[in-house]
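A.B. asks: below is the structure, and that's it, no one-letter string:
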């Protein structure tokens, strides 16, 4: 227990972690204030409401239409508020943002206009999609899905959590990269062998300290982000069907239940991915003799899948080999949580999670053994 406390203390005294965490939280807070709250607006009879006023009016309006989504409910929303218009076609006051009298735009009629009408294809005079036109979209209004004001959870919240995952992954690499390599560089690995806590116990405590701290940090940041959104937007949207909060799910033929349960599974997959990043970094650290070298290699192997997926494979174009490699890269820690938001089957998703868990355990065990054996060479 004493050696574990010592390793935790060593990690917590690295100022770069505090600076990185502070900078990351500052960036997320700035983005929430400007990008999320700054993008909220509602029109009532031509009067523009922004930020918290807009959110409160959206919550108040959406309460009248919560429950099973039917075609009649969509028609009632349009009858009450009308269709929304393109932002660049509205004549607005540059100071107040107000527009023509009689114009209404809120989360409800915006959802119907953008997702359930022919406006999706640029129709100047939109109408609700009919079954003979696009049966997949028309089926959304059959009454089998629950509607609530929850689109923010599938857009802004998801985007900010992905940013947070990237920040936390970098912090995990920074915390784990020096764990073994620093001992090699300072020449203290051989000295530690002679202590009562030498060899395997020392290595296990180092790995446990890293994975424990980064795991707690992931849960803390994710929980804080969730609390902020729940406090501002309420939790009603979490009861909505996942297909309405994450529309791509329905078009891909995937059903995931309520949005709240879907986000919980996404959180847990992200936690496993973060553990995987820590495990792989520990393995790299055990193989490097310099801390900076370990840090660079760890960051390289984390960012490499993003470069290959978004740049290299896009340039190569579609082919069977590219699709195969896209699937493999999609199973890595950077993209793995997104499987919950895709059409992947439960068997495929659980296989991904199992592979990542096995790779994490393998990397931690091999890294600890490598460090322990180095002590006695």
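C.D. replies: That came in fine, so what should we check first? Not measured: the values here are computed from a predicted model.
A.B. asks: helices of the stretch 1-150 of the chain, start to end?
C.D. replies: 2-12, 15-31, 51-62, 71-81, 107-115, 135-138 (DSSP state H, counting those that start in this stretch).
A.B. asks: out of those helices, deepest packed?
C.D. replies: Neighbour counts (mean count of other CB atoms under 10 Å) averaged over each of the helices of the stretch 1-150 of the chain peak at helix 107-115, with a mean of 21. To be clear about C-beta, it is placed using only N, CA and C from the backbone, and glycine gets the same treatment.
A.B. asks: which SS class is residue 168?
C.D. replies: helix (DSSP: H, G, I helix; E, B strand; the rest coil).
A.B. asks: circling back to that earlier point, now mean pLDDT and distance to residue 223 too, for the helices of the stretch 1-150 of the chain, in TSV please.
C.D. replies: Shown next, in TSV, are the helices of the stretch 1-150 of the chain (pLDDT from 0 to 100; distance: least, CB to CB, whole Å):
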stretch	mean pLDDT	distance to residue 223
helix 2-12	70	20
helix 15-31	89	13
helix 51-62	89	21
helix 71-81	88	34
helix 107-115	86	25
helix 135-138	77	35
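A.B. asks: residue 369: which of these is closest?
C.D. replies: Proximity to residue 369 (CB to CB) singles out helix 2-12 among the helices of the stretch 1-150 of the chain, at 17.5 Å.
A.B. asks: picking up where we left off before, wait, which of the helices of the stretch 1-150 of the chain is closest to residue 148?
C.D. replies: helix 51-62 (6.4 Å).
A.B. asks: give me the helices and strands touching the closest one, please.
C.D. replies: Under the contact criterion of 3 or more CB pairs under 8 Å, 6 or more residues apart in numbering; DSSP states H and E, helix 51-62 touches strand 41-44, helix 107-115, helix 200-233.
A.B. asks: related to what we said a few turns ago, among the helices of the stretch 1-150 of the chain, which comes closest to residue 349?
C.D. replies: helix 135-138 (22.2 Å).
A.B. asks: one step back: reformat the helices of the stretch 1-150 of the chain as JSON lines; add distance to residue 221.
C.D. replies: Shown next, in JSON lines, are these (distance: least, CB to CB, whole Å):
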{"stretch": "helix 2-12", "distance to residue 221": "16"}
{"stretch": "helix 15-31", "distance to residue 221": "8"}
{"stretch": "helix 51-62", "distance to residue 221": "23"}
{"stretch": "helix 71-81", "distance to residue 221": "36"}
{"stretch": "helix 107-115", "distance to residue 221": "27"}
{"stretch": "helix 135-138", "distance to residue 221": "36"}
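A.B. asks: which one of those lies closest to residue 178?
C.D. replies: Once the helices of the stretch 1-150 of the chain are compared by CB to CB, helix 2-12 is nearest, at 8.8 Å.
A.B. asks: looking at the helices of the stretch 1-150 of the chain, spot the one closest to residue 238.
C.D. replies: Shortest distance between residue 238 and those, using CB to CB, is found for helix 51-62: 13.1 Å.
A.B. asks: in CSV: the helices and strands packed on helix 51-62, plus distance to residue 101.
C.D. replies: Below are the helices and strands packed on helix 51-62 laid out as CSV (distance: least, CB to CB, whole Å):
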stretch, distance to residue 101
strand 41-44, 10
helix 107-115, 17
helix 200-233, 29
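A.B. asks: nearest to residue 10, of these?
C.D. replies: helix 200-233 (7.8 Å).
A.B. asks: show me what the closest one is packed up against.
C.D. replies: Using 3+ CB pairs under 8 Å, 6+ apart as the test, helix 200-233 ends up in contact with helix 2-12, helix 15-31, helix 51-62, helix 151-154, helix 156-176, helix 178-186, helix 259-287, helix 346-375.
A.B. asks: just to revisit the earlier point, among the helices of the stretch 1-150 of the chain, which is nearest residue 296?
C.D. replies: Using CB to CB, these put helix 15-31 closest to residue 296, at 14.6 Å.
A.B. asks: start and end of stretch 82-92, how far apart?
C.D. replies: 18 Å (CA to CA, to the nearest Å).
A.B. asks: all further residue positions should be reported with the first residue as 12.
C.D. replies: Sure, I'll start counting at 12 from here, so that last one is stretch 93-103.
A.B. asks: give me the below-cutoff pLDDT ranges for the stretch 212-361 of the chain.
C.D. replies: 258-259, 261-266, 316-345, 355 (pLDDT under 70).
A.B. asks: perfect, I'm done here.
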